[in-house]
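**Student:** What shape does this take:
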Amino acid sequence: MEVCRSRELLLSLSEWIAFHRLPNLETVVAIAKTKGANVYSWDDRRGFLCVGRQKKVGIYRLDGGREFIEVKEFGVPDQVKSMAWCGENICLGTGKEYIILNSTTGASSKVFSSGRSPPLVVPLPSGELILGKDYVGVFVDQNGKLLHDDKICWSEAPASIIIHKPYGLARLPRHVEIRSLRAPYPLVQTVVVRDIHLLQQCNNCVIAAVGSSIFGLLPVPVGAQIVQLTASGDFEEALALCKLLPPEDSSLRAAKEASIHIRYGHYLFDNGSYEESMEQFLASQVDLTYVLYLYPSIILPKDLTIVEQEKFHELTDASYLSRVSSDMSDDMESALPSQLYESDDKSPVEDKKMSYNAIMALAKYLQKKRYSVIERATAEVTEEVVSDAVQDSIASSEPYRSKSSNKKRGQAHISSLGREMATILDTALIQALLLTGQSLGALEFLKGPNYCDLKICEELLKERNDYGVLLELYKCNEMHHEALKLLHKLVEESNSGITSPESQNFKPSMIIDYLKPLCRTDSMLVLEYSTLVLEKCPTETIELFLSGNIPADLVNSYLKQHAPNLQSTYLELMLSMSENGINTKLQSELVQIYLSEVIDWYKDLKEQHKWDEKIYSSTRKKLLSALDSLPSYNTETLLKRLPSDALYEERAILLGKINQHQLALSLYIHKLHLPELALTYCDHVYDSGLQQPSKSYSNIYLTLLQIYLNPQNSTKEFEQKFNPVLMQNSSLQKISTAKPKGSRIAKKIAAIEGAEDMRINTSSTDSGRSDVDGEEASEESGPIMLSEALELLRQRWDKINGSQAIKLLPRDTQLQNLRSFLEPLLRKSSEGSRNCCVVKSLRYSENLQVKEELYKHRRKMVKIDGDSTCALCHKRIGTSVFAVYPNGKTIVHFVCFRDSQTIKAVRGSGTARFK
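**Tutor:** So this is what the prediction gives:
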């Protein structure tokens, strides 16, 4: 028999299958076609009935509550002995095998054999099936596929199985065997009752029929079972039973589950299953500090809220044990772990040595717990920021409100418990990572937002010499000074001969990498610590300054004050790496630095009597290169610093900046004796004049030629007009400062005017007598540099005015010596003359063509016949005098044309008077 509670029907199988109305047991319907049936299965949800009769299976559907309609009938290989619905399919136990039959299509598939015992099909509430094979129960899904390798094993082959969640009751010949339906399906209880021929499930019990007697197997209350299982250490079964508690007792269920999880966690922890233990603590949602109490090696921040273990257990046990029977409560109290009730001073947990696995399990536990804790802490921070913003807005909108009221309003309490717990968690987590050798994990952890206690972590990292993580700790707490000091110390130790294993991997580039993010926020800090690596990594340091957009003036002034020996290095690299170069002020300062170094170098060599103008140090080469690109606005300042008897090449470059070309060339020729440099100088000046048409220096080669041909004159003028000025300027610096400054300025002006007078005036050159002739009578004049002059004419004949150059040459110059100069010059002149003649001829020919075209336009003919009329008076022209308009088509009488012109003149004058 079977009761259909949803339809209030009783289904019975006797001679046939009949349905009776409850509670009066009146017959509703009896299915005649089911006569001889030996097994059936009822699907109460859909109202389908499956009947096994001999080797046939019939499917019927309840229609209207009083009639059954036959839906399908299928044939099977053997007589059906057991069956059960499994979704749309039916599992049949026929003979010695199991078959899955589709109720719609009739398709069947074999599962496996049933062994020597009769087949037994038991449906589970989840829709799965247990298929019996001898004394083993196999779990399959609705399609007959094995769910897992686990099997439920009975002591004997069961005759029938009743499911009373979470247990399975098997009817055996000598007793009823009760096993859990959770792997590994342990034996729960054995009820000794012999020769049971029927085992039937009821609402809250299982009925067993023995002969003429009926026994009721009543389950122990779930709460009591939970207490028993917990006391016996079967925590998983206890947790499974907690899910069977009624929904209205949700608070009791949560308290019981939390308490069981905690006890289970302690049990696993004491037995070395640390990861499983942490999973239980995590499921219990116990306070974080309660778990950390198990780890005395983990240092917790002081002055924070820490839940004591005994207090927590008092609260948990009170809520837990108040809802169960007193007998079971006594058993449970006696079964609790003894160490939970011992004093803190003698706790065996503190005496237990923490193993690697235990701390590793703690780290995983903290990482899983961290998300919720950090989320709560972040919410508190957000709430505090919003509250402060609201208070600020209120204060600004009510400026005349009393300060006391604003102060009271601003003291609204915002809980900091979430941040305290975050501090505890992160501090413990970083310690767990370090104690398990996960330095890289700790490093990555500190790179993100965290609430680590600085003091505890700092002490631990220093003790362990874990400097990489310590640097990241300083960085995340914005302790940049401490981080950079430590990093510099480690770099110095790494570069020294004696290095420790902890500091051997630190390089100067790490300081630069640390400073990069600080360029925009703290420029002075970057400058302070960048000087430590500027000598060792100059290129990288300058790239740091450039990428960080630190003002070059600020960098230069800082280096000038704190590291003057590195100033030139910075300016040089800045000049070479900057795309737009550096500003003029910094460039001038770099030149001053070069000049100071060169002057000191010159003085040292002079004292040793080793000075030579043709000696070039690396700094002097840099100075000469920098002077070429230096603007001319501070040239006189540099000239004053130059010694009067040395550094002539530098002086010549500076003189060229202020257009003192004759003095500069005199230095190249008479002091340095380097005609090639003089020629290069002239080329540079000439090319500059071509690029700037407003400043023409075409006579620069004539100036050089004059210096070659008049050496005495140029030397005398140099000594008279330049050297005295320098000597006076240098001596003025030694005289008392009370002397008027007007004389110094006057002498400067006189020197500059004298230099201007030295420029060549080609218009005043005497055509009949050269300047050299006037100097020939002087006995003091040195020999002229005729060979150099002729070489200049040979090399630059195309850039020199030939007539003026010839006037400067001595009269006794042989024509043969001028051949290399005159030949290309005359060739160019004749070629130019020919070209001009050709152009003249072409222009004349073009003029003739234009005249011819004009004549053609003027030879137009006008034909006058008897029909020709005047365009003004419209009378015939006849033999009268006529006029033709420029278009060649309009013909008028001359009289009419004259009258029309007169009328226009009169109208024009009248209009003018009217206006």
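**Student:** Please identify the helix or strand for the nearest residue to Ser416 once chain neighbours are set aside.
**Tutor:** Spatial nearest neighbour of Ser416, excluding adjacent residues (C-beta to C-beta, 6 or more residues apart in numbering): Glu380 at 6.5 Å. In this view, the C-beta of every residue, glycine as well, is placed from N, C-alpha and C. Glu380 belongs to helix 356-397 when elements are defined using DSSP states H and E.
**Student:** now do Ser126
**Tutor:** With DSSP H and E as the test, Ser126 turns up in no helix or strand.
**Student:** What of the one 4 residues further on?
**Tutor:** Secondary structure assignment for Ile130, by DSSP H and E: strand 129-133.
**Student:** which residues sit against that strand?
**Tutor:** For strand 129-133, the external contacting residues (C-beta atoms under 8 Å, 6 or more residues apart in numbering) are 84, 86, 91, 93, 98, 111-115, 117, 119-124, 137-142, 152, 157-158, 161, 168.
**Student:** how about Leu828, secondary structure?
**Tutor:** You called it Leu, but residue 828 is Lys. helix (DSSP: H, G, I helix; E, B strand; the rest coil).
**Student:** what mean pLDDT does stretch 31-48 have?
**Tutor:** What stretch 31-48 shows for mean pLDDT is 85.
**Student:** Show me the shaky parts of this protein.
**Tutor:** The chain contains residues with pLDDT under 70 at 65, 303-354, 396-415, 497-504, 577-582, 632-633, 691-698, 712-782, 907-915.
**Student:** what residue lies at the spatial centre of it?
**Tutor:** Pro517 (12.0 Å; C-alpha atoms, centre = their mean).
**Student:** So Met77 belongs to a helix, correct?
**Tutor:** You called it Met, but residue 77 is Pro. No - per three-state DSSP, Pro77 lies outside any helix segment and is coil.
**Student:** what's the nearest residue to it if we skip its chain neighbours?
**Tutor:** In space, Pro77 is closest to Thr94, 6.3 Å off (C-beta to C-beta, 6+ apart).
**Student:** what's the host helix or strand of Val850 packed up against?
**Tutor:** Per DSSP H and E, Val850 falls inside helix 819-858. Helices and strands touching helix 819-858, as assessed by 3 or more C-beta pairs under 8 Å, 6 or more residues apart in numbering; DSSP states H and E, comprise helix 786-795, helix 802-808.
**Student:** For the longest one, buried residues please.
**Tutor:** Neighbour counts using 16 or more other C-beta atoms under 10 Å place Leu786, Glu788, Ala789, Leu790, Glu791, Leu792, Leu793 of helix 786-795 among the buried residues.
**Student:** Export the helices and strands packed on helix 819-858 as a markdown table, with columns for distance to Asn887.
**Tutor:** As requested, these are exported to a markdown table (distance: least, C-beta to C-beta, whole Å):
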| stretch | distance to Asn887 |
| --- | --- |
| helix 786-795 | 66 |
| helix 802-808 | 58 |
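**Student:** of these, which approaches Ser277 most closely?
**Tutor:** helix 786-795 (97.3 Å; C-beta to C-beta).
**Student:** where's the closest one relative to the chain centroid, distance-wise?
**Tutor:** 67 Å (C-alpha atoms, centre = their mean, to the nearest Å).
**Student:** This completes my enquiry, with thanks.
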